[in-house]
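Trainee: Here is the input, now give the coordinates:
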Amino acid sequence: MVCGGTLKRGNKFCSYRCAGLYKQHYAVCPICGTKFKKSPSDVTIKTCGNVECRKVYRAKIMTPQFAKRGHEAVKASPNTGHFDTHHGAVEWRLVSPSGDLYEFKNLALWAEQHADLLPVSPRTGKRVSARTFYREISRLKSDVEKYTCSNDNYHGWRVVKDKQN
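Mentor: Got it, this is the predicted structure:
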C-alpha cells in the first residue's frame, strides 16, 4: 500500500497508479542530496536535474586539461580525425573542367589539399574556399543521385554517378 487507500481482497495495491509509484527506482543527487526518480539502466543521468546541480557536477568532472586531451584524441583518431579513413568519408569520382578524373575517399580533405585546382568564382574573381566547394559538390551529388538536378556541374566540375559512366 502506497497512498493509504483501501485494498481489495488479495491485492497488494489499491490502483495501478499506486503500483507504478511503488515500483519506481530512486537515486540520491550527489550534489544537493535530494531523492529523484532514476531507472537503474540509465547511466546518463547523474544528478537530480536542477540547473545548479548540473553546473557543479559538470565543473567537477570536466577540467580544462581533460577537455583538451579529449579534443586532441578525437583529432588524432583515424575514425574521427582529418583523414581518408574518417567515418563519414565516402567514395568520390569527380571530373574537372579539363576532363581529368579524380577518385578519392574524403572530399573535404581532398578540397583542402588541392586548393589550387578549385574553380574561380566569376562574381568575386577569387578561388572558392574548400568549404564552399565541398558544400556545392555534395549538393550536386545528391541532386545527381535523385535525378532532380537542373544543373549537372559546379563551375565545370561534374560528379560521376557510378563506375559505368
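Trainee: CA atoms for contacts and neighbours, from now on please.
Mentor: Fine.
Trainee: Do you know the pLDDT at Gly20?
Mentor: With respect to pLDDT, Gly20 has a value of 75.
Trainee: again, but for Ser138
Mentor: For Ser138, pLDDT reads 87.
Trainee: who's in contact with the nearest residue to Ile31 once chain neighbours are set aside?
Mentor: Setting aside the residues directly before and after it, Ile31 is nearest to Cys53 in space (C-alpha to C-alpha, 6 or more residues apart in numbering), at 5.8 Å. With contact set as C-alpha atoms under 8 Å, 6 or more residues apart in numbering, Cys53 has these partners: 31-32, 47.
Trainee: SS state for Cys53?
Mentor: Under DSSP: H, G, I helix; E, B strand; the rest coil, Cys53 falls in the helix class.
Trainee: cool, Lys68 as well?
Mentor: Assigned state for Lys68: helix (three-state reduction, three-state DSSP).
Trainee: For Thr132, see how far away it is.
Mentor: 29 Å (C-alpha to C-alpha, to the nearest Å).
Trainee: Can you pull up the most central residue in the protein?
Mentor: Geometric centre of the chain, nearest residue: Gly88, 10.2 Å, by C-alpha atoms, centre = their mean.
Trainee: That one - that's part of a helix, no?
Mentor: No. Under three-state DSSP, Gly88 falls outside any helix and is assigned coil.
Trainee: Hmm, Gly4 and Cys18 touching each other?
Mentor: No. Counting by C-alpha atoms under 8 Å, Cys18 sits too far from Gly4 to count as a contact (9.5 Å).
Trainee: which other residues reach the longest helix seen in the chain?
Mentor: In the chain, taking DSSP state H as the definition, the longest helix is helix 130-146. Applying C-alpha under 8 Å, 6+ apart, the external contacts of helix 130-146 come out as 107-108, 111-112, 115, 118, 149, 152-154, 159, 161.
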